[in-house]
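Engineer: everything below, folded, please.
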Amino acid sequence: MLFRSKQKATEPIWDLKHDVLNKFKHVDNVVEVHWERASDGGFLKIQFYDHVVENVVPKVAVDVFKLLEFLKTRGCRSRNIGMIGHSLGAHIAGMAGRIFKQVCKSSVNIIIGENMKK
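Structural biologist: Alright, predicted model coming up:
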């Protein structure tokens, strides 16, 4: 799963989707989580950043957890799941992974967080 922040889909992290699919032949699916609608357009406005961190990020993490839980009930092994997040997307991935571990008593294989600010 790839989580993006409120950048354009042309940001460098999205090249990663193609790299993962091309380099790792055992990878069947890559899920991109576009969560900007949940931020209600407030992400880019600095005065709303705290609101997004405190309210939106946890809500999206719960939604991602539900997807992970669904995949597990359909036979997907958690060791076959990895998540890569950029900026606040990394926080979403981490929170979703923590909830998954607490509720399902299982862990995803890997969670990678990146922040490509220069």
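
Engineer: stretch 96-116 - what's its average pLDDT?
Structural biologist: Average pLDDT, stretch 96-116: 89.

Engineer: okay, now G85: neighbour count?
Structural biologist: A count of neighbours around G85, defined by other CB atoms under 10 Å, yields 27. Just so you know, the C-beta spots here come from the backbone N, C-alpha and C atoms, and that holds for glycine as well.

Engineer: identify the bridge partners of it.
Structural biologist: Beta-bridge pairing for G85 (DSSP bridges): F3, G113.

Engineer: I'd say it and I110 touch.
Structural biologist: No. G85 is beyond contact range of I110, at 11.5 Å (criterion: CB atoms under 8 Å).

Engineer: pLDDT weak spots in the chain?
Structural biologist: Applying pLDDT under 70 to the chain flags the ranges 4-15, 36-47, 116-118.

Engineer: the strands in it, which residues?
Structural biologist: According to DSSP state E, the chain carries its strands in the segments 2-4, 32-34, 82-86, 110-114.

Engineer: can you put those in TSV and add distance to A93?
Structural biologist: Output for the strands of the chain, formatted as TSV (distance: least, CB to CB, whole Å):
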stretch	distance to A93
strand 2-4	5
strand 32-34	8
strand 82-86	4
strand 110-114	5
